[in-house]
Every structure is written in structure tokens, then in C-alpha cells.
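Novice: Below: sequence and its predicted model.
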Amino acid sequence: MSPADQLQMQSLERSASFKRSFYRFLLFFILGLFALYYIAPMYVMIVTSLKSMEEIRQGNLMTLPREILFDAWKIAWGGRGYDAGDVFLRPYFWNSMKMVIPAVVVSTFFGALNGYALTKWRFKGDNLVFLLFLFGCFIPYQAILLPMARTLGILGISNSIAGLVLVHSVYGLSFTTLFCRNYYVSISDEIVKAARIDGAGFFKIFFKVLLPISGPILVVTVIWQFTNIWNDFLFGSSFSFGEAAPIQVALNNMVLTSTSVKQYNVDMAAAFIAGFPTLVVYIIAGKYFIRGLTAGSVKG
Amino acid sequence: MFWLQKNLPRIVLAPSFAVLLWFVYGFILWTFYISFTKSKMLPRYEFWGIQQHFRLWDNSRWYTAVENLMIFTVLFLLICLLIGILLSILLDQKIRAEGFLRTIYLYPMALSFIVTGTAWKWILNPTLGIQKLVRDWGFSEFTFDWLVNRDMAIYTIVIAAVWQSSGFVMALFLAGLRSIDDEIIKAAKIDGASLYTIYITIILPMMRPVFMSSIVILLHISIKSYDLVIALTAGGPGTSSDMPAVFMTQMAFHRSEIGLASASAVMMFLTVLAIIVPYLYSELRRQDVTR
């Protein structure tokens, strides 16, 4: 190779590596731009909630607060301290907790049991049963809203937290059964067979053999149910009002019931409070959250 | 005793199954039946033929809702797929901060539609929101009043919905991309194919199942969209950003039109059925083949 050729090679390599680092830069630039796009509303929410109304009117969405005020947070959580028309989130936050916890426990337990019975104790027609459960994941709830309202009325639990627990347990069952069934299908039947030869029965195998290795799927199921039930608005707004309402309904009421002046800072603080529990779950256990999403999508 | 042993799985399943049959399938049948009656505020059980369905399709508000649903669905689907696929491919380029970026792209999915709607309602506020921001940047003539504009309100719902759900498509596609064998890409590179061609001609066609499930899920979200509309525009101004789900609850709980509400619920149910049944069929068959 002549020295001239060598020089040309070098410059080719240099331009190739320049091109590579340019693409790399472009890549990060686009990814960063999208990150800003997703972050921006959260930033706006937090910044707005820390300003006074006066400052909100003077500045714009992005300006940082001159002075950090927690007044809006106090009002959103605990109210202004007068009786009439003062909507604040604290009681509804606990309503939601009282609704979510039993509903998650009940639906997850029965989902696991169903999944186990459907996979480890095959019987005639089990696939059809599973298909009926599976389809339950997809129904638009508008198709069951009216009869459910009447049923709750007949049972005497309309407009109560007990009623919402029932509704969420029932309609969560399809999802929990689906999740657990798909997990147990992937677990070897040999374990169950061995336990049966040792004389263990249906429930003993479930509690002693299967449940101890169900950790991952139970986490996925619990997170899925918690997020969905906490975030529900349709059932909450259809079957409850006033004091028995869950937090999403209360948040919406708070934003809608504008007294004389709209308090955007209070609205934003309230929105953040209503989103906080699911956000924490997502940040702590994001891996399982995503697994639930994708498991819910690649159904069957 | 032996009988009990043998039938225990069925006995254990029975309560759940009974609940499912009653609360899902029974209720759907009830709704179907009510849509064929004259029910107003209370259910009446005398058969009235398909009058309610005629009334439904004579209703201009229902037409607005269906039209909005179509606009929303098309835009929501296309933009979510576009952003989701783009981000998943970019993230697949062995990025150092991948986990961090993924967390950011997906977190809106953890928030409720009411929270999302409340936040975007403020951001899109016609006086103090984006309009003010852009004016402060020096574009003093800039106006952005879609939220209170009859013709544009539906697009604000698209904006907020895309923000919430596009990260989800990214996650689905990223999972799909990860399951593709690296050897295929290497082989294509050796053959001299550019990365762009590899993705367009080889990898994306391999992602057909991911496309399918993404589309089905997005369609499902859009048909059921209710919370976001309520939180963002409440169907307004007027009824200009109504959607079928909003129409249904309005008729059911505020207008005392149970029959009409049921008719609209039946329409929603049939639409979902038309999407889900072929999907589940192909999905289950695919798994039978691979198993």
C-alpha cells in the first residue's frame, strides 16, 4: 500500500467514525426529546402545585415558582376548613384504600385457585371454561353497567365501598385467572404428579407446592389489579357518589366544582396525590408492572 | 370420597364460574334484551322490537359520538404505533441509559385517565396554558384554544391519550425486538444491508404478532374511552367531543333512557366482539401450532 493509499484509508475511517458518532448523537437527541415530552406534564403539574394563584397568572407553565408554597397541597388533601362545598381528597383517598385492598386480595386469591384448577387438574371442557374467562377481559363494561347498578340496589350495597369491592373483585377475576393460568401452564406437571403420588390432595398441593413458587405471578397480578382498581373511574362514578366515592371520582368532582375562582394549583396537587400510589408502585416494581401489561396483551 | 376427590377442581372453579356466567354473560344478555324494550327510567320487559336501535341511529348526538370515535381511533392508533415503534427501535440500539429512558416513557401508563385528563386540561388551558407559554416566548399572536373549540376539542383527547399510551406500544415492540435472534441482523449486515433496510424489510415484518396485539389493545382502549373524555372536555363544548361510552352513561344515568343506553351499549359490545373474536381465534391457533 502506498503512503497516499494509507492516508486515504485513514480519512475514510475517520469519516466513518465521525458518521457513527453523529448518528449516536442524533439517536440520543431524539430519545432525549421524547423523554422531555413525557416528563413535561409531570413537571408542569408539580411546578404549578407549588405556586400561588397570583404567580400562576403572571408566569407560564414552565416558569419555576419564585417561592415554594405548600398551601395548595394542604387544601387538596385536607380542605380549607369550612363546611359547605369544600371538597378535598383525604377521606376519598382512604375510601380507595378500603376498596382496593379487599378487592385485590379476593380477586388474586380466586384467580390463583382457578388458574391452578384449570392447568393442573385438567377436566373435560376446561378449555371452554378458560375461553369464557378470557373473553371476560375484553367486554366493554358499558354492557354490564345497568344490570350491575340494579343488582347492587337489590343487594342493598349501592353507593357503598362494599359494593365497589364486589364489582372490582368480580370483573378482576377474568384477568387474575388469565395471568395465573398462563403462569401455571409453564410449570412442569411433574411436581404436581410427584406430590400426588406422595398422597397430597388438591388443596395441599396448591398451598404447599404451587403457592410457594408463585411469587412472580402473584406480584404481577397484585400490581395489575391494584393499578386498575385504584385508577378506575367508570365503576366509581356509576355506582357511588358523595361520601362513598373513590379518589378518582373525588378528583374529578374537585376539578369540576369551580367555586368563584379556579384554583389550578390545588387541582394539580390533587391530581398528583391521586396518581401518587400507582406511581410509587410503578417506580418500585416497574418490571412487574410491564410484565402485567405485556401478559395482558399476549393473551391465551 | 372418591367422587369428591375427582370433582374437586370443578367444585373449586364453580363459584368463580357461576359469578362469571351471571355477572358477565347474564348481564350482557339482560342489556341486549333491554335494548329491545321501551324502558325509560326503569326497566320494562314488554318486547318492543328494534325501535330503540332505530332511535339510536336517528340520534344526532350518537352520530357525533361515533364520528368522534372514528377520528379518535384512527389518529390515536397511528400516532401511538409511530411513536412506539420509533422509540423501541431507537432503544434497541444498545443504549446505556435504556432502563432509565424506558421508565420515563412508560410512567404515564401508571396514571389514571382522570389524572392525565386533569393535567392536560391545565396544560391546554386556552388562556394560561400552552398559549401563554408560546406567547411568552415572543409569538404574541399565537392562539391555542382547541379545548373550547367545537371543531378541535376531540383532538385534545387524542393528544392526551397518545401521551398516556404510546409508551405502552414501545414496551410491546421492545419486548418483540428482544425476542428476535441477533444472528439474523448480523447475517444481513454481512450481506451489506443497511440498518434501515434491515428494520423495514426483515425485522418489522417479523413483528406481525406484536402489531396485531398492539392494534387490538389500542382499539380496545379507544372504544372504551370514557374517563379521559370526562376529565378533559366532559364531551364538550356542547356535545362536540362526545364518545359512545360517554353517550351511554349519559343516557343511562342522567337522561333516564335505559333502553337507548342499552342499545348503544350493544353497539359497543358488538364492535369489540368483531375485533376480539378474530384476534383470539388467530392467537389461540398460533399457540396451538407452536406448542
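Specialist: Sure thing, it's come through. Numbers count the residues shown, from 1 in each chain, chains lettered A, B, ... in the order given.
Novice: Buried residues of stretch B:31-48, list them for me.
Specialist: Using 16 or more other C-beta atoms under 10 Å in any protein chain shown as the test for burial, stretch B:31-48 gives B:31-39, B:43. (Each C-beta comes from the backbone N, C-alpha and C, glycine too.)
Novice: Just give me the closest of the residues you listed to chain A.
Specialist: Ranked by distance to chain A (C-beta to the nearest C-beta), the buried residues of stretch B:31-48 are led by residue B:31 at 5.1 Å.
Novice: Wasn't the closest one part of a helix?
Specialist: Yes: counting by DSSP: H, G, I helix; E, B strand; the rest coil, residue B:31 is located in a helix.
Novice: Spit out the contact partners of it.
Specialist: By C-beta atoms under 8 Å, 6 or more residues apart in numbering or on different chains, the contact list for residue B:31 reads A:143-144, A:146-147, B:262, B:265-266, B:269.
Novice: excluding its backbone neighbours, what's nearest the residue sitting nearest the centre point of chain B?
Specialist: In chain B, the residue lying closest to the centroid (C-alpha atoms, centre = their mean) is residue B:221, at 1.4 Å. Closest residue to residue B:221 apart from its sequence neighbours, by C-beta to C-beta, 6 or more residues apart in numbering or on different chains: residue B:165 at 6.2 Å.
Novice: what about that neighbour, distance to chain A?
Specialist: 11 Å (C-beta to the nearest C-beta, to the nearest Å).
Novice: Any chance of a markdown table for the buried residues of stretch B:31-48, columns pLDDT?
Specialist: Converted to a markdown table, the buried residues of stretch B:31-48 look like this (pLDDT from 0 to 100):
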| residue | pLDDT |
| --- | --- |
| B:31 | 95 |
| B:32 | 94 |
| B:33 | 94 |
| B:34 | 93 |
| B:35 | 94 |
| B:36 | 93 |
| B:37 | 91 |
| B:38 | 88 |
| B:39 | 86 |
| B:43 | 83 |
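Novice: Residue A:284: which of those residues is nearest?
Specialist: residue B:31 (39.5 Å; C-beta to C-beta).
Novice: Now tell me what touches the helix or strand containing the residue nearest to the centre of chain B from outside.
Specialist: Per DSSP states H and E: residue B:221 is located in helix B:208-224. Helix B:208-224 has contacts (C-beta under 8 Å, 6+ apart) with A:138, A:140-142, A:297-298, B:69, B:72-73, B:76-77, B:80-81, B:84, B:161, B:165, B:168-169, B:172-173, B:175-176, B:244-245, B:268, B:271-272, B:275-276, B:279, B:282-283, B:286.
Novice: Stretch A:159-174 close to chain B?
Specialist: Yes: remark: stretch A:159-174 sits within contact range of chain B at A:170-171, A:173-174, by C-beta under 8 Å from any C-beta of the partner chain.
Novice: where exactly do the helices run in the stretch 51-200 of chain A?
Specialist: According to DSSP state H, counting those that start in this stretch, the stretch 51-200 of chain A carries its helices in the segments A:53-58, A:71-78, A:90-120, A:126-136, A:142-155, A:161-185, A:189-197.
Novice: Out of these, which one sits most buried?
Specialist: helix A:161-185 (a mean of 24; mean count of other C-beta atoms under 10 Å in any protein chain shown).
Novice: which helices and strands sit right next to that helix?
Specialist: Using 3 or more C-beta pairs under 8 Å, 6 or more residues apart in numbering or on different chains; DSSP states H and E as the contact test, the elements touching helix A:161-185 are helix A:90-120, helix A:126-136, helix A:142-155, helix A:215-231, helix A:234-239, helix A:286-297, helix B:2-20.
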